[in-house]
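Undergrad: Provided below for reference: sequence and predicted model.
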Amino acid sequence: MAAPTAADTSAPTVSVVVLTYEPEPAMLQRCLDSVAASSHRPLQLVLVDNGSHRKAAAAAAAAWGGGGEPPVRGGISLRFVPLPENLGFAEGTNRGIEAGSGELCLLLNPDTEIEPDAIAELVQSAQRHPGAVGFAPKILFVHDRQLIDSIGLVFHDNGGAAQRGLGSYDVGQYDVEEPVSGVCFGAALLRREAFSAERVGWLDARYFMFYEDVDWSLRGFQRGESFWTVPSARIYHVHSASTRHRPDAYKYHLIQRNLLLTVFKNFERQRLRPVLTQRAGYLLRNAIRGQHRSASVRALAGAGLGFCREWGTRREQQRRRRRSDAEVFQYNLGERTHFDAAIYQPVHTWETLRDMVRRLYVVTAEPRWERAHAYVEVAGATAVRRNPALLRSRLEALAAPLPPALVRFLDEMAGPPAPTVPGTPSARAG
């Protein structure tokens, strides 16, 4: 690990905001230790506890810097903000940002770990792009650091949104700074001024959790704000550690309600009606005979009340719009997720391979990846797409040396070898 550097008086102060609710103590400690090991200074840590009962965050705050007052560790001061009850992710994040003093705010989930130079890389990108308000690091899985969790957000014209790159193996296909339409608040650097009413404003506290970063990013992008990826800033994340234990119906209700509210507040009029009609129809079908009947009814009812409440918000957003919906969706061309959210595992398919190789060629412009991309596209129209061993041998001939993560993906795409039964003749021998 790189040793923390002395404070640079010319560098901007970064407030690292970590919002917790009943965090796993060891996981939270790893997050805070990684912040302490950061090379960037000046740095401030704001630890917000959202009404937890087990007091793990309070204990971590008390131990910071040996319990001094104010607590300081490695030149990083800590401000502990205990909230009296669980106000949700959106409002808890607002309170944390408000409590900090840095001109830049790094939002971090308590289940993340950052590389020592990650904050410095994000700050340097912010200095290169002074007009941008948000910066997306390369977020990788803690347990599998070759697997991408997020590098920005993508928005779909049906109202859905996803983490950009989710489920792809990191073969270098995102290793260029580029504009993106939004950032994931699991880990993102944001300018404090972006939360002013003149820019994007605060997160919508009524969302409670889920889609608050989608709504905030979409609101900002449509108003003319910009976001950039910073692939050199690497952060590791336990995907959905704080929510995967929640009942599916609970998450389904909030996601579907907040999706409808985001569409209502932000989409253009000509797109609004068909999307809401399609989404409402989906929820009605689920309410009648689907898996989450009660949750679907609650999502529809909550969204309906929200439409009445947010009418003024919608009018204000449309008045301040500087970009069309079509411009938002253009940033998402070719971006797909390759992840099974039900089992929290990547999907090993030809489509995943195609998307990785295509982006690798676009980013590097190397002739070998042009050859590889052309081959993968042609192979996709044949049965070879189901033959990972042949795909690998051809790609090795066309584009060697292959990145280790790509070799691993092709091996996993092939799956484990079929078990053999002694004395059983092979199909070829028959």
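TA: Arrived safely.
Undergrad: ok but residue 130 is inside a helix, no?
TA: No. According to DSSP: H, G, I helix; E, B strand; the rest coil, the state of residue 130 is coil, so it is not within a helix.
Undergrad: distance of it from residue 123?
TA: According to Cβ to Cβ, to the nearest Å, residue 130 stands 12 Å off from residue 123. (Glycine included, C-beta is placed from N, CA and C.)
Undergrad: equivalent analysis for residue 368, please.
TA: When residue 368 is compared with residue 123 (using Cβ to Cβ), they lie 34 Å apart.
Undergrad: please apply the same query to residue 325.
TA: Here the criterion is Cβ to Cβ. By it, residue 325 lies 32 Å from residue 123.
Undergrad: which of the two has more neighbours?
TA: residue 123 (22 against 19; other Cβ atoms under 10 Å).
Undergrad: wait, isn't that one in contact with residue 191?
TA: No. In this structure residue 123 lies outside contact range of residue 191 using Cβ atoms under 8 Å: 11.1 Å.
Undergrad: in space, what's closest to residue 148 - neighbours in sequence excluded?
TA: Excluding its sequence neighbours, the residue lying closest to residue 148 (Cβ to Cβ, 6 or more residues apart in numbering) is residue 165, at 4.1 Å.
Undergrad: now whichever strand or helix holds residue 136 - C-alpha only, PDB.
TA: Here residue 136 sits within strand 134-141, counting by DSSP states H and E. Taking C-alpha atoms only, strand 134-141 is exported to PDB below (Å, rounded to 0.1, in the frame of the first residue of the first chain):
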ATOM      1  CA  GLY A 134     -19.900  13.400 -11.000                       C
ATOM      2  CA  PHE A 135     -17.100  10.800 -11.500                       C
ATOM      3  CA  ALA A 136     -17.600   7.000 -11.600                       C
ATOM      4  CA  PRO A 137     -14.700   4.800 -10.500                       C
ATOM      5  CA  LYS A 138     -14.200   1.300 -11.700                       C
ATOM      6  CA  ILE A 139     -16.100  -0.700  -9.100                       C
ATOM      7  CA  LEU A 140     -15.100  -4.400  -8.900                       C
ATOM      8  CA  PHE A 141     -16.300  -7.200  -6.700                       C
END
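Undergrad: partner strands of it, parallel or antiparallel?
TA: Using DSSP bridges, strand 134-141 pairs in its sheet with strand 148-150 (antiparallel), strand 187-191 (antiparallel), strand 227-237 (parallel).
Undergrad: make TSV out of those and add mean neighbour count.
TA: Below are the strands paired with strand 134-141 laid out as TSV (neighbours: other Cβ atoms under 10 Å):
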stretch	mean neighbour count
strand 148-150	28
strand 187-191	26
strand 227-237	23
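Undergrad: what's stretch 370-387 in contact with?
TA: Stretch 370-387 is contacted from outside by 350, 353-354, 357-358, 360-361, 390-391, 394-395, 398-399, using Cβ atoms under 8 Å, 6 or more residues apart in numbering.
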